[in-house]
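Visitor: attaching a predicted model along with its sequence, questions to come.
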Amino acid sequence: MNIKSLLLGSAAALAAVSGAQAADAIVAAEPEPMEYVRVCDAFGTGYFYIPGTETCLKIGGYVRVQVDGRSDDDFGGQAGYRTNTRAQVRLEAKTDTEYGALTSRITLRANNNSSNTYSVNIPNAAGGTDTYSSSQGNSDFFLEETYIELGGFRVGYFYNYFDTGLPGETVLADDRPYNNGGEGADTLNNSIRYTYDGGAFSVYGQVDAFNSQAGYKTDDAGNADEIGINGVITGKFGGVTADFFAGYDFDNENAALASTLTAELGPGSLGIFAAYSFGQNRYFDASEWTIGAEYAIKLTDKFSLTPGAQYWDKVSLDSDGDFDGGDAWRVGLTADYAITTNLAAKATINYTDVDNGTDSADKWDGFLRLQRSF
């Protein structure tokens, strides 16, 4: 056998072996394509598609650090300060349907200066009982505004008209200058609302179930009538927006009326709030009537000042829930500064003077706030 024959034989053998190996080779499966999160721009900025669905989700919220301060007043308030850190997370999901956008919102909030108080009654040797109480910090998240919305209908746990207010911190739409024993400012309830939005004109009607935390409402418990109805008409005319609110509380058998007007005026925005109450009710009963105004002046792109003033007439309620007398007024100033994108500082100082028809008192109060929104 010569060298040439040997080389040709070796080459043929190698070719045969290589062919057999190629026939037996295992081909790796193609990797499944990865599904990246897609931006959803159908409902505004910040939404993305939940993978595998046509539902758009937006995650938002804020972290707030605040220091409050107040002076003494002759109604028992003592001078002092308090601090609080708050976290809020909001999830909003939207899906386009044949009835319009199907929306659901979940809002969770926690404050670190909240507390739970526990008490227990223990029989004593004298035949009576001794009460022992303790308090511990509670920073648990709790349910805030949470609802379902479709085709103009909204049902769930959400705020009513009086929570909106004006942009400053002086005019009080959802609070009172003096604790007159009323039930107003009950702004967050289980409710159902239908809204018709015609662009420049909108109207809604709403039914509120007050004090849902009490559980079952019965005639024996005396709370079966804790229901309210209200409606709002809103019109927009260029740079002017005006609305009118009317609500009736079946439990107290009293009504409340209110209106807010905002207008772009000169270098800022003017806001006017007015309300009238027929007696004690859960919508507004800080006084028989009130009027307040604020003017937000935009001094720079980042800095604005908002002076404000408010007057209340007949701030006292008698045992029948009717207004008795007294008055109050309040003036103040709020400063807002946008430090950078999504980080803002706010400071306010207010002076309140109250005459309840029997005694009078005045006080200073305010706060300093830092808030990071996302």
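Guide: Looks like it arrived, so ask away. Residues are numbered from 1 along each chain as shown.

Visitor: how many residues are close by the residue nearest to Val89 when sequence neighbours are not counted?
Guide: Leaving aside its sequence neighbours, Val89 sits nearest to Gly61 (C-beta to C-beta, 6 or more residues apart in numbering; 4.2 Å). Every residue, glycine included, has its C-beta placed from N, CA and C. Close neighbours of Gly61, defined as other C-beta atoms under 10 Å, add up to 15.

Visitor: ok, Gly61 touching Gln371?
Guide: No. In this structure, Gly61 is not within contact of Gln371 by C-beta atoms under 8 Å, at 10.6 Å.

Visitor: Arg330: what's its closest spatial neighbour, skipping adjacent residues?
Guide: Nearest residue to Arg330, sequence neighbours excluded (C-beta to C-beta, 6+ apart): Thr352, at 4.4 Å.

Visitor: so which helix or strand takes in the one you found?
Guide: Element membership for Thr352 (DSSP states H and E) is strand 343-355.

Visitor: which other helices and strands contact that strand?
Guide: Under the contact definition 3 or more C-beta pairs under 8 Å, 6 or more residues apart in numbering; DSSP states H and E, strand 343-355 sits against strand 327-340, strand 360-373.

Visitor: which of those strands sits closest to Leu143?
Guide: Of all the helices and strands packed on strand 343-355, strand 360-373 sits nearest to Leu143, with 20.3 Å by C-beta to C-beta.

Visitor: okay, now the sheet partners of that closest one, with direction.
Guide: Strand pairing for strand 360-373, determined by DSSP bridges: strand 56-70 (antiparallel), strand 343-355 (antiparallel).

Visitor: what angle do it and strand 327-340 make?
Guide: On the basis of axes from the mean of the first three to the mean of the last three C-alpha atoms, to 10 degrees, strand 360-373 is oriented at 20 degrees to strand 327-340.

Visitor: so what touches strand 360-373?
Guide: If you take C-beta atoms under 8 Å, 6 or more residues apart in numbering as the criterion, strand 360-373 is touched by 60-75, 77, 169, 332, 342-354.

Visitor: please apply the same query to stretch 39-59.
Guide: 35, 37-38, 60, 89-96, 101.

Visitor: returning to that earlier point: average model confidence for the strand holding Thr352?
Guide: Regarding strand 343-355, the rounded mean pLDDT is 98.

Visitor: and stretch 188-206, how far apart are its ends?
Guide: 13 Å (C-alpha to C-alpha, to the nearest Å).

Visitor: gap between it and the chain center?
Guide: Per C-alpha atoms, centre = their mean, to the nearest Å, the displacement of stretch 188-206 from the mean C-alpha position of its chain is 17 Å.

Visitor: so which bits of that stretch are buried?
Guide: Buried residues in stretch 188-206, counting neighbours by 16 or more other C-beta atoms under 10 Å, are found at Leu188, Asn189, Asn190, Ser191, Arg193, Thr195, Val203, Tyr204, Gln206.
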